[in-house]
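Structure for this input, please:
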Amino acid sequence: MNLNARIILAVRNFFRKYGRVILIVAVIWLIIFLFNQYLKNRPREKSLINTYTPDEPIMDEGDTVPKRAVSTVNETIEKYFNYCNQKEYENAFNMLTDQCKEYLYANDVNKFKEYVDKIFPNNKIYNIQNYSNVDDIYIYNIRILDDITATGTTENYDVYQEKIVLHGDNSEFKISNQGYIGNQKINKEIENDDMKIKMIKKEMSYTKEEYTLEIRNKTDNYMMICDEMGGNQITLNLGNQIRPVLNVTNGNIIIVPDETKKVTLIFDKYYDDGVSPIGINFNNVRLLKRIASSLTDVSDQSEDNIVRTFSINIGLQ
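Model prediction:
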């Protein structure tokens, strides 16, 4: 048998033995090739597009950060973050608003240092997302993450996040951190024959409002404004709903005869919910002849001890 005949016979035997396998592989390859061509040539769906837009609010798409302010906002956040990351405490502290310095840190840079050291124990990276914007105040959510390129490990990977707020104009911004917004002076008073209430100020954070009041007991009796049962004895009136006070569930608010006491009341209230509080309601003020030996103890509220009960509301608008 000559050489050509042997080659033809060998090829024929090879295909007879492996032809089915070759055919299956060819079909699979053709399917993969055609599918890849389809993926390359089909219209790109919106869901495949990276839509990360850190300066567009996720709470209200209609109220975006003005374009003229975006670069300054981002530069301010980056500068503040770098100061914290590099433990330049004074420089970072000086980027905070005066109200933030006073409310969160009592104007003490050492207290701010404690906060920075807790959040930045090692080198960090960050990303931001605009959350909402109200009255030219820009609220961002900042995520502070471990820099795995620096640590070289993904074990115990820490992520910390909080709201930071930027105040100012297009040329310069100040920051308030930890979700703090700012304060507002309130000049409101109300009184009756038994008591006088003077509103001093309101501290605003992203998730709460904190009111400072002076309350005077004008009577010769002990005045119990709220006991340890809390409930709806003191409420924030939002018009379509009420919010109970949060910070007096573990004790009483009692004012002795002819005393003026400063009282702080905290309520749930989101800064960007679009609702303005109408007033604070004191729904169950009781005048008592006597109280327990400790003002934090449960007082005798039997009928013979209660002189009278009344309600009083102080407006906020």
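
quick check, residue 75 in a strand?
No - secondary structure of residue 75 (DSSP: H, G, I helix; E, B strand; the rest coil): helix, not part of a strand.

Number of residues surrounding it?
By other C-beta atoms under 10 Å, the residues close to residue 75 number 11. To be clear about C-beta, it is placed using only N, CA and C from the backbone, and glycine gets the same treatment.

Then residue 309?
Neighbours of residue 309 using other C-beta under 10 Å come to 12.

starting at the chain centroid, how far to the helix or strand hosting it?
Assigned by DSSP states H and E, residue 309 falls within strand 306-315. On the basis of C-alpha atoms, centre = their mean, to the nearest Å, strand 306-315 is displaced by 35 Å from the centre of the chain it belongs to.

mind listing the helices for this structure?
3-41, 67-85, 89-93, 98-105, 109-119, 148-151 (DSSP state H).

so what does the fourth one touch, helix or strand wise?
I take that to be helix 98-105. helix 109-119, strand 173-176, strand 180-191 (3 or more C-beta pairs under 8 Å, 6 or more residues apart in numbering; DSSP states H and E).

what about 7 Å?
Secondary-structure packing of helix 98-105 (3 or more C-beta pairs under 7 Å, 6 or more residues apart in numbering; DSSP states H and E): strand 180-191.

can you count the residues close to the residue nearest to residue 69 when sequence neighbours are not counted?
In space, and not counting its chain neighbours, residue 69 is closest to residue 170: 4.8 Å by C-beta to C-beta, 6 or more residues apart in numbering. As a burial measure, residue 170 scores 14 neighbours (other C-beta under 10 Å).

and residue 170, what does it touch?
Applying C-beta atoms under 7 Å, 6 or more residues apart in numbering to residue 170 gives the contacts 68, 69, 72.

and if you look at residue 125?
So residue 125 contacts 145, 147 (C-beta under 7 Å, 6+ apart).

pLDDT value on it, please?
At residue 125, the model reports a pLDDT of 93.
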